[in-house]
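Student: quick one, fold the following:
(chains A and B)
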Amino acid sequence: MTILRSLAKIVSIFLFITLSSSIGNQLNAQDGKALFSQNCASCHAVNKKLTGPALAGVEDRWSDKKNLYAWIKNNQAFLKTGDAYANKLYNEYNKTAMNLFPNLSDKDIDAILAYIKSVPAAGAAPAGGAAATATAPAEDSDSSLVYGLLTLILAVVALILLQVNSNLKKLSDDKSGIPATEPVPFYRNKAYIAFVAIILFIAGGYMTTVGAMGLGRSKDYQPEQPIYYSHKVHAGVNQINCQYCHTGTYQGKQATLPSVNVCMNCHAAINEYKGEPLVRENGDVVDGTNEIKKLYKYAGFTEGQPWDASKAKPIEWVRIHNLPDHVYFNHAQHVNAGQVACQQCHGEIQKMGEVKQFADLSMGWCVNCHRATQVQFKDNGFYSIYEKFHADLKSGKMDSTKGVTVEKIGGTECQKCHY
Amino acid sequence: MEQNKNWQSFGELNKSAAYNQEVNNEFKEELPFVEDHSGFLQAKAPRRDFLKYLGFSTAAAAVAASCEMPIKKAIPFANKPEDIVPGIADYYATTYVQDGDVVSVVAKVRDGRPIKLEGNTLSPITGGGTSARVQAAVLDLYDTARLRFPTIAGKEATFEAVDKAVAAELAGNVVLVTSSITSPTTKEVIAKFLAKYPGSKHVTYDAVSFTGMLLANEASYGKRVIPSYHFEKAKAIVSLSADFLGTWLSPVEFARQYAIGKKIDEKNPAMSKHIHFETVASLTGSNADEKYLCRPSELGAIAVALLAAVKGGEISGIADAKLKAGIEAAAKALLTNKGAALVVAGSNNKDIQTVVNAINDAIGANGTTIDFAATVNYRQGIDSDFASLVDDMNAGKVNAVLFHGANPVYSWPAADKLKAALAKVKTKISFSSKVDETAAVCNYVIPEHHFLESWGDAEPVSGHISFIQPTIAPLFKTRAFQDSLLLWSGDATVYTNYVKNYWSSKLGGEAAWNKTLQDGVMNPATPATTATPALNASAVATSVAAVSAMKASTKIELALYEKVAIGAGQGASNPWLQELPDPVTRATWDNYIIVSPAMAKTLLNIDLNNAGQADAYEVQPPKKVVKLTVEGKTIELPVLIIPGTHPQTVGIALGYGRAESVGKAVIGTGKNAFPLACINNGTVNFSCSDVTLIATGATYPVALTQTHFRYDTTQGNRTEVMKELTLEEYKKNPKEIIEERAGEYRGQMVGGDKMSDEQVLENFAKDATIYPVYDRPGIKWGMSVDLNACNGCGACVVACNAENNVAIVGKPEVLRGHEMHWLRIDKYFSGDMENPKVVFQPLMCQHCDNAPCENVCPVAATNHSSEGLNQMTYNRCIGTRYCANNCPFKVRRFNWADYTGADSFPDNQVGEVNDVVLNMNDDLTRMVLNPDVTVRSRGVIEKCSFCVQRLQAAKLDAKKDSRPMVDSDIKVACQQSCPTNAISFGNANDKHSAITKVRVENPNRSFYVLEQLHVLPNVTYLAKVRNTEASEHAEKTEAKKA
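Tutor: Residues are numbered from 1 along each chain as shown, chains lettered A, B, ... in the order given. You can find the predicted model right below:
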């Protein structure tokens, strides 16, 4: 028995240590990743030279960490200190000025550095790449995993303590001469079995429900498209209005994808990409000019010759936002009548390279927005027929700060979307 | 319990045991629970098995669901046309042309597919009305039975091969046989073709022709034309068995005109009077104010007697007292409304039609209700032309015959003789889009486009042009009939350009042509006028003598008639039309012999006043089969007993028994009755005297819907839903219905006895309930149906099918009461069983504000919207059917099987649905589906949604323009299809909307169905007012008292 007890002790301590340390690391790296992609990724990759150097092993290259902090926060000021390594770098990269990051704290920079360390070297790229994609969904469920493990460990501890308790009882019984009953091993103890069964049932039920609700939802879905089309370049950097391409948005149900002739309106002239490097989320660099060439292939366009539009073939994009067939969604209703910004549902699309699904497009998500969002009650003449609400707003019966929400005019009723 | 005034079935009339049992069951069949006491594990479906299946299916579903999401593609245009926005429908004005029938329509084209036809409101002829057949025509475009390429001797061929072979063979006596051609350009093309082949000729063949009328007009007025009729100007209408609301000449046009005369201004009530002489129950007869039964052979005598009566003479030659009284009443009505009266006759006999011309002349109809200045082109065929062609072919005088639109091998009564004659013709060419009966015996078949794929024009009424433009590129290798003729006559123009050039030059340029094409119709600026032609008195005298010489038969007679949906067989291959319950018999998928209750007694020993015998006839679908013999020809068909049929006359519908190659829908549906017609002097006569009937002892199931979806409980029964009164009664006491309603509800309200009638009705909604009253801020949808305007034609039912993706279930399922129609037209009888009054009532979901269905749904799949809609959410429904059980109107439909193929598991359809339904799931047929409406899967309830997709679209349109919604934004499908504008719809909260106007202007006739249940429907009905004699009313009240 004592052997068992000590073994349990060792196991549990070991578990605690490994878990807590790994959690600590991961949390750091996770923050770092976000910071990295927000601040650094447009010029730096971990394992590749982009506008700036590859950042793998950056800590080893800088002798003093304080210098590194200073350099990152304000490189221009640090250059003036005359640091040899910094000036060497500056010249090596064609005197391209690095952005200033006065907002980053030392801790943030540590997190970024931790992230850089956690990214495997370029040589291990295939495996590393796979791991990177695999970690993406895992990270979201990280905390639940931790709690699950903690619960498991506590359960094991409780089990051990109970065993100890029963052993002690048996010893005291032996001492006081009460005859011992046939010992029941813990795995055949009915109370334990019932307890485990209930736990498994609850956990299983929860997971099944959550899993089932998630079926068919594909938040963060980011398929590879036939052409690397960057919304960041078009809508973000070049400020092209969304509706230049998505022409149906204001009129109809579908926002519509632009046909090839719309692309060619500009790209007949713009035949190379000269902007900031295009980087996929996994760090791969995309050759923008090459992607424009892909478009030319679909368009049947040869550079330097006039374009014959009839030769164009449609581009088979991979559909990202899918609603079930029993849901009626109309873009015009939201964008035109409701004056909802694209980003409300599609996320910061002007910052996305490749588009990913921002919202989970679940009914709960729709309904929550309908509950909170106000309609264009005063601006749209349609709502003039709601005389009662107008009167209530005027008399103060209705809270004018909350206004008339979509829900108030029936926007959460079944047949607004299902028919 | 008081005898119901209205009844739907004989069992109900007799309160039979079977009726009482049936009305207590919502669903026709027993639920499949097997009582089994053989023990736990020996049972047929032991619980352990159930658990096994449950476990397996859960696991299977989990495995299936955890598979990868399929990758979907989003493929934009390569070059997007500027005016096409995916997801937004475009509308193109075009024209429905089916043989001689012409209706101007607007086709809704969604993402390149025409999916719905609406009437063109710019046409003064139809005024935006449609018929069931027009509504169903879009489905024919996607018919899988359409020929996909030209054939030579039944084998696929190219157009080049066909043209080469035909060019070699066409010579000498070429005969072009077509149905009535209304197109001016086609007539020119035909003239060109005939000029190219000397000795050739054009024969117009109509399956059900107007030979008698054309020849009569020629004899009376010297012109072989049909005038246009104006029922709206007639205060007295007498019809001698002409079914002008259903099938006669131009029913959409006439239904619209007729309804104008029937609608009532409550403040100044007046309406037309319609007296109908009828042989077999018809749609028009059912709507008549007064109806008299006669034999087909008596129609001539009636015409002559009526002529005598309107001229002030004595009525002679009519033995039957009732009939005589009818003729007197008709003459009186015609004479009091001289100059605003009209007589029409359905007979194909030249002499009878000449007598009718004389009557119309005598009552001053010419120039008022009959307009010879604007003649109509719907029917131009003369039967004897075709009869002599058959003789010519038989004599070997014809080298080649071309068929366009005409299908005489099916519809010519002497089909065997015709086939033998055709065998002697070397070259036979058919332009049929399917291998119909005639195409099957032709060497060449060059399929034509569907009208939705065609260019063209039509001139239904002289001076009125309706244009045809394509709404989709041809789906198959088909070619316009005119293109073939142009090519063979050596003209290189394609017909498309021919039409464009013809009209551009007429209209003065391409811009004008484009504008006219957009409108779809071109109407004369001023109506043409000509002097009223003089009646040829000697022709009349000859005809009167000829008619007087006809002997009325004393034997049993047969009347062959067309059905509203099927016509002369054109609608037979269309599942929507086959499943549309016939307005008269409420039967689907078959034809049958119609007999009167009196004949049922003698022929089948069924006394309908005997509850047991009525049940034996009515409860089970199998009906007794009778063998009918006429002139040595026999037909065996089941018998339906239809009140309102002459006791010595039986009726059979034409148009059934088509060749299987024209579509899955015709397989096993009815028999061809055309061979029973007789040809007298080359004219086809669709009534025969001296038929013998013998019961064979066999039975045959007929899918009758008259007794489906009944409701009869202590709270109320469905036949209390009707309110009707006569014009006299209404004039005497306009508040009769208000009094009746208030009298009934007063007791349900606190202090009701102190309130006035109006107060009772006003407060009924609020006071007689424990439920809270909800606000309807903004919008409250409401509908109103004018029972005076509705004639029961069924256009709305098919329109609903098309708009809402309502499934076709097939005959076996209709037999079980599983039909899915969201909108049904109930038919109620009242009065004398042999010749009852009939009322039609379209019944759809009433969108009750206190809906009984909503309370009982365990999953809240049906609930109420703030706009007053009773919402149905399919994806939430688990199929308990509690709601259907609790609905007093029985308007909820359950998907008993996977009719639409919407389920994930394909095997769900095997053995459940027949070939017709499976064919509706074909990829081609599915192109007709409305993409804005969910296709329902098995196991969910569905029902009328007030076309919620259209309501949402209308609101969005208004929001996009930042303006309040107006009436013109929204028309629901049934309302839009209605030729008589019987249905009004709109926002009842809007003081200026049409629905508010109808309700405000008609307070006296408005009522809600089953109002006493306090379910608070959102559909108002306007009570039926009948223009009958006051004396009859007195009789009725006496009978009530007794």
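Student: just say helix, strand or coil for B:Lys624.
Tutor: At B:Lys624 the chain is in strand, as set by DSSP: H, G, I helix; E, B strand; the rest coil.
Student: find the closest residue to chain A in the stretch 451-600 of chain B.
Tutor: Here the residue of the stretch 451-600 of chain B nearest chain A is B:Ala473; by CB to the nearest CB that distance is 16.5 Å. Glycine gets a C-beta too; all of them are placed from N, C-alpha and C.
Student: just give me the neighbour total for that residue.
Tutor: B:Ala473 has 8 neighbouring residues, counting by other CB atoms under 10 Å in any protein chain shown.
Student: ok, now A:Glu276?
Tutor: There are 15 residues near A:Glu276, going by other CB under 10 Å.
Student: can you check the one 10 residues further on too?
Tutor: Neighbours of A:Val286 under the rule other CB under 10 Å: 16.
Student: residue contacts, it?
Tutor: Each residue near A:Val286 by CB atoms under 8 Å, 6 or more residues apart in numbering or on different chains is listed here: A:228, A:277-280, A:353.
Student: phi, psi for B:Leu293 please.
Tutor: With angles defined as degrees, to the nearest 10, B:Leu293 sits at phi -90, psi 140.
Student: hmm, A:Gly411 and B:Ser865 touching each other?
Tutor: No: with contacts counted by CB atoms under 8 Å, B:Ser865 stays clear of A:Gly411, the gap being 10.6 Å.
Student: remind me, longest helix of chain B?
Tutor: Scanning chain B for the longest helix, with DSSP state H as the assignment, gives helix B:47-65.
Student: who are the packing partners of that one?
Tutor: Judged by 3 or more CB pairs under 8 Å, 6 or more residues apart in numbering or on different chains; DSSP states H and E, helix B:47-65 is in contact with no other helix or strand.
Student: helix or strand: which one has B:Gln482?
Tutor: Element membership for B:Gln482, per DSSP states H and E: helix B:481-488.
Student: how about that helix: buried residues?
Tutor: Along helix B:481-488, these residues count as buried under the neighbour rule (16 or more other CB atoms under 10 Å in any protein chain shown): B:481-488.
Student: next secondary structure after that helix?
Tutor: Next helix or strand after helix B:481-488 toward the C-terminus (DSSP H and E): helix B:495-507.
Student: contacts for the helix or strand that comes right after that following helix, please.
Tutor: Where DSSP H and E defines the elements, the next helix or strand beyond helix B:495-507 is helix B:510-519. The contact list for helix B:510-519 (CB under 8 Å, 6+ apart) reads B:93, B:122, B:467, B:469, B:500, B:503-504, B:507, B:522.
Student: what comes up buried for helix B:510-519?
Tutor: Within helix B:510-519, the residues that count as buried by 16+ other CB under 10 Å are B:513, B:516-517, B:519.
Student: can you tell me how far A:Tyr53 is from chain B?
Tutor: One correction, residue A:53 is Pro, not Tyr. According to CB to the nearest CB, to the nearest Å, A:Pro53 and chain B sit 38 Å apart.
Student: can you tell if the following helix or strand past the longest helix of chain B touches chain A?
Tutor: Sequence order places strand B:73-74 as the next helix or strand after helix B:47-65, per DSSP H and E. Yes: for strand B:73-74, a contact with chain A is found by CB under 8 Å from any CB of the partner chain, at B:73-74.
Student: helices along the stretch 401-550 of chain B, start to end?
Tutor: Per DSSP state H, counting those that start in this stretch, the stretch 401-550 of chain B carries helices over the ranges B:408-411, B:415-422, B:481-488, B:495-507, B:510-519, B:537-549.
Student: of all the buried residues of helix B:481-488, which comes closest to A:Ala194?
Tutor: B:Phe481 (82.4 Å; CB to CB).
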